[in-house]
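Trainee: Whatever this is, show me its structure:
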Amino acid sequence: MNRTPSIIRIFLLLLLPGLMFSLLSIKVSSVRAEEKQIKIGILAKRGAKHCLQKWSPTAAYLSQNISGHLFSIVPLSFDQVDTATEKGEIDFVLTNPSYYVTLEINYKVDRLVTLINRDVHNKPMTTFAGVIVTRADRRDITSMKDFIGKNFVAVDPKSLGGWLAVLRMFKRAGINPRKDFARLSFVGTHDAAIYTVLNGKADAGCVRTSTLERMAEEDLINLNDFKVIHGPSSPNHFSHEHHLLHSTRAYPEWALARLDHVTNKLAEQVTMVLIDMPSNSYAAQRSHSFGWSVPLNYQSVHECLRELKVGPYRDYGKISVVDVYEQYWAYILAAAVIMLLFFVLFVRLKTLNINLENAVAKQKRTDLERKRLISELYKSSDKIKLFAYSVSHDLKNPAIALSGITKLFTKKYSDTLDEKGTLYCDRMMKLSDHMVSLVEQINIYMSTKEQPITLETINSKNILQTIRQEYSNQLSQRKIKWLEPELDIELRADKLALLRVFRNFIDNSLKYGGESLSTIEISYKDSDKAHIFSVKDDGVGLNPDDCQKIFDPFKRSKTAHEVEGSGLGLAIVKEIAELHQGKVWGESDGIHGVTFHFSIAKNL
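Mentor: As a prediction, this is how the structure comes out:
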């Protein structure tokens, strides 16, 4: 009997599941490959392995709830946090408050949420402190003054709970660790600091709150082997009935922040998903937390770093020659002028030849003074930019948070909200979105004023074609007729800036033209010294008195107050025109239509 067919069938049956599994694996791999990789850098205060075990479920939770993105954890040592942020090797960063404050100032990171820690007693904590520990059998150490002449161990010079909070307490007690301790050493992790004290390699040390309780819970140490040295109380100190061992005042918990390159949309999604994380979820349990809250106020951390003069406040309080000049420049200048006058009068008593030489020397000094003043002006400009960023940052973050929280509130309580409540929520979201848009328009306006234009030779036909294609859908939907000249000329201009001018004019027509808008016409006029472009519509007219005022920042026409806008679009156009040595103006009879004109110098 021939058994060959049976053997073949058995072979095929065994091979088929393998082929199906391989095809499924390829499909899953291709889906994963299409997802955008998002990296969350986390300060590994107890080592990389412990960090991955604690936070990987949170990355998985985000990947499950935000489609198209695959989140992963990147453990970072104390020395790696700054480097990874500066180089943009991560997208989000979760670190202690002192590191966050430093990153916020140096690299413009924005905090999104604050961790709600779950202590060993299963209670929520949004603050933490430092703990000073020594062995229980050390009878020679009972107060802070007993540390003088002893060996002390801490986690890292940049660790808030593991050093800075304790250092602040020492300095307020009149103790200088660098001078008064026999030796001060840093061991990199909280666990290592505890073991160093336990093994007798240091007389005492410090860690953040909950470290002792966590290690005891994991059977790594026995709490009876240690005793805690308490510091003086303060307004933000833990209460005496608090269940965690502590020595210093309290500071807000760790903050999750986004880097500057992360989009607002992704930041908003991450914020909503984390705030909505159930406290009993696997991710929350593995991270020993109750989830996340809206970002707390970190002013107390700023005050700590400023008082210690560390991190971004390293040079705080130092007075430089520039500071003296900026504060007393008028007196210095007046004294210099008086001295110069006396010198000139003295010299004029000499011969005419000496007087001439003095005039030359005076001119040279004037040139040097002018150059120095120009240099100071540039420095002042940088400070204005920094102030503008700070204002933008302080306005934008609450607006994004308000928008996210309102959307979350509407989503969770949509069944209980009445019509008026839903209307109020919609208004809140629109107002917060408008604030974000306004801040972005301000940034565009400032960058237009500061950045030089990039001149290149461009073709008018290509510019008009680009604009026409961008607005074709809107024009078709609203049945608006588009007219443009048969124009094919070469001109020198900044291409992106010129496109922005046309977009702002056309957006203005579409936004404020009203229901009567049926035609938008672009025209061109050639003059001796300039190219003149015009954008005309037949919509609602503009008050003739407003035709020039609307090009000033935040100036809007009386007919435009019912339409949402920032009041900066036409101001940006004016700045672009002046950068091209041209001008911009508007015309209207006040009833029908508006015509905007924009000129570009030919000799650029």
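
Trainee: low-confidence ranges in the stretch 451-600 of the chain?
Mentor: 451, 554-567 (pLDDT under 70).

Trainee: give me that answer again for 50
Mentor: 560-561 (pLDDT under 50).

Trainee: and if you look at the chain?
Mentor: Ranges of the chain meeting pLDDT under 50: 1-4, 10-11, 17, 21-32, 234-241, 560-561.

Trainee: Let me see the domain layout of it.
Mentor: Domain ranges of the chain: 1-30, 35-118+254-308, 127-251, 350-449, 452-601, per automatic domain parsing.

Trainee: okay, the ones you listed in TSV with mean neighbour count and distance to residue 334 next?
Mentor: For every residue, glycine as well, the C-beta is placed using N, CA and C. Below are the domains of the chain laid out as TSV (neighbours: other CB atoms under 10 Å; distance: least, CB to CB, whole Å):
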stretch	mean neighbour count	distance to residue 334
domain 1-30	9	75
domain 35-118+254-308	19	34
domain 127-251	19	42
domain 350-449	14	14
domain 452-601	17	36
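
Trainee: got these as CSV, with distance to residue 332 columns?
Mentor: Compiled in CSV, these are given as follows (distance: least, CB to CB, whole Å):
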stretch, distance to residue 332
domain 1-30, 70
domain 35-118+254-308, 29
domain 127-251, 36
domain 350-449, 11
domain 452-601, 33
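
Trainee: For residue 336, which of those is the nearest?
Mentor: domain 350-449 (8.6 Å; CB to CB).

Trainee: OK, contacts around the spatially closest residue to residue 479 that is not a sequence neighbour?
Mentor: Nearest non-adjacent residue to residue 479, counting by CB to CB, 6 or more residues apart in numbering: residue 518, 7.4 Å away. Counting by CB atoms under 8 Å, 6 or more residues apart in numbering, residue 518 makes contact with 479, 480, 481, 538.

Trainee: Apply 10 Å and report the result again.
Mentor: Contacts for residue 518 (CB atoms under 10 Å, 6 or more residues apart in numbering) come out as 478, 479, 480, 481, 537, 538, 539.

Trainee: can those go into a markdown table with extra columns for distance to residue 176?
Mentor: A markdown table is the format used below for those (distance: CB to CB, whole Å):
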| residue | distance to residue 176 |
| --- | --- |
| 478 | 73 |
| 479 | 79 |
| 480 | 75 |
| 481 | 80 |
| 537 | 73 |
| 538 | 78 |
| 539 | 73 |
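
Trainee: Just the residues you listed: which are in strands?
Mentor: 481, 537, 538, 539 (DSSP state E).

Trainee: ok, residue 307 touching residue 168?
Mentor: Yes. Residue 307 lies in contact with residue 168 (CB atoms under 10 Å); the separation is 6.2 Å.

Trainee: ok, so of the contacts of residue 518, who is nearest residue 452?
Mentor: Each of the contacts of residue 518 was checked against residue 452 using CB to CB; the closest is residue 537, at 32.1 Å.

Trainee: wait, what's in contact with that closest one?
Mentor: Contacts of residue 537 (CB under 10 Å, 6+ apart): 480, 505-506, 508-510, 512-514, 516-521, 588, 592-596.

Trainee: The nearest residue to it once chain neighbours are set aside is in what secondary structure piece?
Mentor: Spatially, and ignoring its direct neighbours in sequence, residue 537 is nearest to residue 509 (4.0 Å; CB to CB, 6+ apart). Element membership of residue 509, judged by DSSP states H and E, is helix 495-512.
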